[in-house]
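Engineer: Quick one: sequence plus predicted model below, questions after.
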Amino acid sequence: MTADPAESRLVHSWRATELALPGVAVAARVEPRIARPAALRFPIDAPRPVVTRVGLFDLRPAVQSFHFKSPVAQPPAAPRRMEPTGDSAATSLRVLPPEGPETEADAGDSTSTPKRTRIAPPADVVKLSERFFYLLQPDLETILETSSLEFPRQPFPFQFDGMAFLMPRHGAVLADEMGLGKSMQAISSIRLLVRSGQARRVLVVCPKGLVSNWTRELADWAPEILVAVIEGDQQRRRWQWSLADVPVKVANYEALVRDRDLIAELGLSFDLMVLDEAQRIKNRSSQTSEAVRSVPRRRSWALTGTPVENSSDDLVGVFEFIAPGHLHERMSPKAMGAAAADHVLRRTKDKVLKDMPPRLNRDERIELSPEQRETYRRAEEEGVLRLSELGQEATIQNVFELVLRLKQICNFDTFTGESTKLDCLEADLEEIHASGKKALVFSQWVETLGRLRSKLSRFGALEYHGGMSTTARDEAIRQFKQEKKHSVLLLSYGAGAVGLNLQFSQYVFLFDRWWNPAVEDQAINRAHRIGAAGAVTVTRFLSANTIEERIDEVLRRKRDLSDTILSQAEAPAASGLTQDDLFALFKLSSPRSSANRDAA
Amino acid sequence: MEQKSAEAAGGAVAGPKAYGFLTAVESGTHGVFGGYLLVDPWGRPLEFHCTAPVKVSRAQQILFGSTLQSHLHGQQIGGTLLAEGSVAPEVVLTDLEPMLHVRSHTKLPVALIRGASSGSPAATFGSAVGTGSFTIGNANVSPHVTDAARGDDLRERLEELAAAVDLCEPFERIRAAIDEAQRR
């Protein structure tokens, strides 16, 4: 085989030895090989670069879970649709503006958001799960709406606040000013607790004269809840206390004191105990306070318009029921206010009811007739002389008797029967009667009420006092409300100052003054309360240059004490009508003070 | 965890009718807290789950870029919270658009909710917001793009709850609870 010369020319770099074949001449071009240079190695000791690992949310965050079983109120079978409600006496709860005169601005403002009320957990609820239970509830208006609860009228926004305050609290004082609907707020809260199963046994304790008021209010605001009134002989009461399927029991304070041992014997305990007019237990050593506090209970609510009647100790007494040991009498008013703050809710009418009809106060300074003045002068001179003669032997009782005697003379001359107060009252009542309006007249004495009734018979005067039976009192209220011929209701401070709803009365007369301004306020607020159709005129009779004027000065100083504690401010120096005050009314020094001075 | 994941994926145990509200709250000092509230048809709470705060580093912000919020809300917070629910809700509502991305981690329908006055967010290309928005009560509901065709179904599911509560309101409760948790 001969190699093609042309082909052989294409071979350039093969080695000859690789191509040498026997007998064949190969023309090959051999190029010299270039040796690779020796590589110099320079080892580098630099470390490997540091790699930073950026966590890209590899880990799921920790989760805390909470499960809620008991509802804050029992829901209905199915949610209600958003449909308008019809006009009926008992309306389903809707979120509407509060009652009151509708202004043009209100009527035309369809975009304003209705107020929603949240149930905030109380400060003493520590567990996060319990705090979440309240924080995660719908607003109160929604809870009520979806519970299909019927209400006789739309509650005011501040009343929703009151319910949201009461419901989560185990110890609470609702201290709203009289007339703001404390009982309605308590009943609505009771209703929610009962419907949700959080309360199965509720005990309401109130003054005897208010039992029928409470049963009426319960029927209005919680019509589906069964109520038992504890009354009658012991056998009957035993049976009433034992009723297991009645969620709410109403007892008066006297019955509770009487049945204290029976309650213990029956082993009764309550999920909630509500005290109306809770100032009744301000004295911790009283039988009433001890009986109330002996009842086993989980929740304790106190309702009172006057948590501080005379001194800060009053509030300590109430707290011994709702949160024993939380307050003590050695606290300063400021410290007491701070400690009580989370347990007490107090609103005044001027703060929450901007549209409330005004209360017009009229202090009628009356001059005694000459005969009345002479009787008064003699009585005072004789009384003071006797006190002076007694000297250190004079007792508070002696002074008290003199004060009462002088006050009675200011009402009616004990010899002639004259009364300039009555003359003034009659003149006012003529006009009130003629205009078809109603008036309440308060006095400290049943005897005074009786004299007034006989003098005011042409105005259809009716009486209401503790000397009457409950039935007679209820009948008096019914007649006064329903019969136009009765323009005047004569009430004692003791029986008529609390619990009655007489907001259809436009006039209040304080024929004589009570010892405590808070009680006078309570009396006035029988008329000046929610539902009052117009301005309420309050006339306070005050006999000029008499003991009444001097007492009034003391009462004015006293009036601020309650506000002082509830606003956490410093207390004024003078806080009550003390023994010293009473002696000072006659420019006498109290024997106790003298004794103290002597000791000092 | 597997069981929970299955629940989150829509296979949760049958229980009372429930609705889920899912949101997150950013705290300047702690990071982002997630909250998931399950309510009954009357708006009352059944369950509440909340996360420990998740703090995003600067590096994470850079590396995740524009996907950070959807990953943080949708997967880390939303996905974790939904896995904790013991009841499968009718629908999961959120008031945060990035939270819509939780839909990738669940079979439950998810929708964005806004006050009716603020209008519905636009369903743009690449957005998790789907078409088929509707108004119910005071709220505007925009389903996740996956559930865009289920507008009528979702409206029907929500009607019962909307009759009882404002659908935007439960988010306020979640925020209040998270605020409370931070203070404790």
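Structural biologist: Yep, that arrived. Residues are numbered from 1 along each chain as shown, chains lettered A, B, ... in the order given.

Engineer: Grab the nearest non-local neighbour of residue A:452.
Structural biologist: residue A:490 (5.4 Å; CB to CB, 6 or more residues apart in numbering or on different chains). Placement of C-beta: from N, CA and C, glycine included.

Engineer: Assign a three-state SS to the one you found, would you?
Structural biologist: strand (DSSP: H, G, I helix; E, B strand; the rest coil).

Engineer: for residue A:521, same thing?
Structural biologist: From three-state DSSP, the assignment for residue A:521 is helix.

Engineer: any idea how far residue A:511 is from it?
Structural biologist: Going from residue A:521 to residue A:511 by CB to CB, to the nearest Å gives 16 Å.

Engineer: And chain A, is the helix ranked longest in chain B touching that?
Structural biologist: Ranked by residue count under DSSP state H, the longest helix found in chain B is helix B:170-183. Yes. Helix B:170-183 lies within reach of chain A by CB under 8 Å from any CB of the partner chain, at B:170, B:173, B:174, B:176, B:177, B:180, B:181.

Engineer: which strands and helices sit next to that helix?
Structural biologist: Here helix B:170-183 touches helix A:128-135, strand B:19-27, strand B:31-39, strand B:45-51, going by 3 or more CB pairs under 8 Å, 6 or more residues apart in numbering or on different chains; DSSP states H and E.

Engineer: which regions of chain B sit below the pLDDT cut-off?
Structural biologist: B:1-15, B:118-127, B:130 (pLDDT under 70).

Engineer: I'd like to know which elements whichever strand or helix holds residue A:495 is packed against.
Structural biologist: Here residue A:495 sits within helix A:493-496, counting by DSSP states H and E. Packing partners of helix A:493-496 (3+ CB pairs under 8 Å, 6+ apart): strand A:439-443, helix A:517-524.

Engineer: repeat that with 7 Å
Structural biologist: helix A:517-524 (3 or more CB pairs under 7 Å, 6 or more residues apart in numbering or on different chains; DSSP states H and E).

Engineer: So residue A:144 belongs to a helix, correct?
Structural biologist: Yes. Under three-state DSSP, residue A:144 falls within a helix.

Engineer: Tell me the spacing between it and residue A:133.
Structural biologist: For residue A:144 relative to residue A:133 (CB to CB), the value is 18 Å.

Engineer: go on, residue A:120?
Structural biologist: 12 Å.

Engineer: Between these two, which has more neighbouring residues?
Structural biologist: Counted by other CB atoms under 10 Å in any protein chain shown, residue A:120 and residue A:133 do not tie: residue A:133 has more neighbours, with 22 against 15.

Engineer: With adjacent residues omitted, what lies nearest to that one?
Structural biologist: Closest to residue A:133 by CB to CB, 6+ apart is residue A:68, at 5.8 Å.

Engineer: residues near the one you found, how many?
Structural biologist: Using other CB under 10 Å, the number of residues around residue A:68 comes to 19.

Engineer: and what of residue B:56?
Structural biologist: 17.

Engineer: so who does it touch?
Structural biologist: Counting by CB atoms under 7 Å, 6 or more residues apart in numbering or on different chains, residue B:56 touches B:31, B:68, B:72.

Engineer: so which of those residues comes closest to chain A?
Structural biologist: For the contacts of residue B:56, the minimum distance to chain A (CB to the nearest CB) is 6.8 Å, reached by residue B:72.

Engineer: Spatially central residue for chain A, please.
Structural biologist: residue A:174 (2.3 Å; CA atoms, centre = their mean).

Engineer: who does it bridge with?
Structural biologist: Residues in a beta bridge with residue A:174, per DSSP bridges, are residue A:303, residue A:345.

Engineer: For it, which residues are in contact?
Structural biologist: Residue A:174 neighbours (CB under 7 Å, 6+ apart): A:162, A:166, A:182, A:185, A:186, A:301, A:303, A:345.

Engineer: Need the residues you listed in a markdown table (columns: secondary structure, neighbour count and pLDDT).
Structural biologist: Listed next are the contacts of residue A:174 as a markdown table, based on DSSP: H, G, I helix; E, B strand; the rest coil; neighbours: other CB atoms under 10 Å in any protein chain shown; pLDDT from 0 to 100:
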| residue | secondary structure | neighbour count | pLDDT |
| --- | --- | --- | --- |
| A:162 | helix | 27 | 96 |
| A:166 | helix | 26 | 97 |
| A:182 | helix | 27 | 92 |
| A:185 | helix | 27 | 96 |
| A:186 | helix | 28 | 97 |
| A:301 | strand | 29 | 98 |
| A:303 | strand | 23 | 95 |
| A:345 | strand | 21 | 95 |
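
Engineer: Helices of the stretch 501-600 of chain A, start to end?
Structural biologist: A:517-524, A:547-558, A:561-566, A:579-584, A:591-599 (DSSP state H, counting those that start in this stretch).

Engineer: meant to ask about the stretch 201-350 of chain A
Structural biologist: According to DSSP H, counting those that start in this stretch, the helices that the stretch 201-350 of chain A contains are A:211-221, A:234-242, A:253-258, A:260-266, A:287-294, A:313-322, A:333-340, A:349-352.

Engineer: picking that back up, and the helices of the stretch 501-600 of chain A, which one is worst for confidence?
Structural biologist: When these are ranked by mean pLDDT, helix A:591-599 comes last with a mean of 45.

Engineer: Run through the residues of chain B sitting next to chain A.
Structural biologist: B:37, B:41-52, B:54, B:59-60, B:63, B:71-72, B:76-77, B:80-81, B:84, B:160, B:163-165, B:173, B:176-177, B:180-181, B:184 (CB under 7 Å from any CB of the partner chain).

Engineer: Filter those residues down to the buried ones.
Structural biologist: B:37, B:41-51, B:54, B:60, B:71-72, B:76-77, B:80-81, B:84, B:160, B:163-165, B:173, B:176-177, B:180-181 (16 or more other CB atoms under 10 Å in any protein chain shown).

Engineer: Just give me the neighbour total for residue B:135.
Structural biologist: 13.

Engineer: which residues sit in contact with the closest residue in space to it that isn't next to it in sequence?
Structural biologist: Nearest residue to residue B:135 in three dimensions, chain neighbours excluded: residue B:116, at 5.2 Å (CB to CB, 6+ apart). Shown in contact with residue B:116 (CB under 7 Å, 6+ apart): B:135, B:138, B:139, B:140.

Engineer: what about the last one, which helix or strand?
Structural biologist: Secondary structure from DSSP H and E places residue B:140 in strand B:139-143.
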